[in-house]
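Peer 1: One predicted model, sequence on top.
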Amino acid sequence: MHTCVAFLPLLVALATPPDAAFAQTAPADSPICTDRPTNGNYACTVPAGMVQIEADVFNWTANQANGGRVDSIAFTNPVLKYGLTDNSDLQIAWAPYVRVRSRDAAGLVSIADGVGDVTLRYKRRLTDPANALQIAVLPFVKVPTAPDSIGNGKVEGGIAVPINYSVPGGWTVTLGPQFNVIADTDGSGYRTGLTGLVNVAKSLGAVTLLGELWTRQDFTSAGTVDQYSADAAVVWLARPNLQFDIGANFGLNRNTPDVVSYIGVSTRF
């Protein structure tokens, strides 16, 4: 059995009805709360029985290395969420079309396109939605549906722990520790990794400004591979159930994509 498949029993266990201490309900008419933009997640969940869609209208990743360049474009890239209980939701993320254009140091260009991988996520909020401090657990499993030219053909997974703290004056501070189980590039097995971030958001009425520092460490037999980025985004809450966003992530070292830019929309019904 693949190592990350071991997260599936955890998904089932967490999906059991919550204890009374965690049964407080976020009002269904409260403004939409999403896991986008930037790399962070929020502890909030979709109200029970409601459907939420969070999607990139357009997502472009550019990276230059060793004299070559790779550009990846994902169209729509939606996350579909369903509120299971008062404090939990089930999520499915899938990019229906991805296009990867590669140019090597000699100028040779190759293009690959197709569907992306599917990621299954389950989020359970552990705190009263009225609290200033919010914590959730978010295990996930990636199912390899992308062709080999786009994905690695491996099941992978992990667990994130979104932590949000609301500060008077419209400020929110988010921490995003995450444990990853990742396939080795040589196909020999799996390795572990850690992801972390610090995100600061400022609400200005219907507009929210976000700034973030993100890091990821993958532990391989050859050593640790470090990635770092500085991220920024703007969110506009057009209506309580409709949100638009735009943002970009800027790589801070050679292991990180140079830039990831996106425009997104989220809605709930």
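Peer 2: Yep, it's here.

Peer 1: Does residue 227 touch residue 197 like I think?
Peer 2: No: if you go by C-beta atoms under 8 Å, residue 227 and residue 197 don't touch, sitting 11.4 Å apart. To be clear about C-beta, it is placed using only N, CA and C from the backbone, and glycine gets the same treatment.

Peer 1: overlap in contacts of these two?
Peer 2: 214, 215 (C-beta atoms under 8 Å, 6 or more residues apart in numbering).

Peer 1: quick one, what contacts the spatially closest residue to residue 69 that is not a sequence neighbour?
Peer 2: Using C-beta to C-beta, 6 or more residues apart in numbering and skipping residues adjacent in sequence, the residue nearest residue 69 is residue 103, 5.0 Å away. Residues counted as contacts of residue 103 (C-beta under 8 Å, 6+ apart) are 68, 69, 70, 109.

Peer 1: Residue 103 bridge partners, please.
Peer 2: Residues in a beta bridge with residue 103, per DSSP bridges, are residue 69, residue 109.

Peer 1: For the remainder of this discussion, apply numbering that starts at 835.
Peer 2: Fine by me, first position is 835 from now on; the one you just mentioned is residue 937.

Peer 1: what does the model give it for pLDDT?
Peer 2: On pLDDT, residue 937 comes in at 95.

Peer 1: and what of residue 839?
Peer 2: 41.

Peer 1: neighbours of residue 1073, just the number please.
Peer 2: The number of residues packed near residue 1073 is 11, by other C-beta atoms under 10 Å.

Peer 1: Same check on the one 3 residues further on?
Peer 2: Summarising burial for residue 1076: neighbours were counted as other C-beta under 10 Å, giving 15.

Peer 1: Name all residues that make contact with it.
Peer 2: 866, 1099, 1100, 1101.

Peer 1: a markdown table please, covering those residues and showing pLDDT.
Peer 2: Shown next, in a markdown table, are these (pLDDT from 0 to 100):
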| residue | pLDDT |
| --- | --- |
| 866 | 97 |
| 1099 | 98 |
| 1100 | 98 |
| 1101 | 98 |
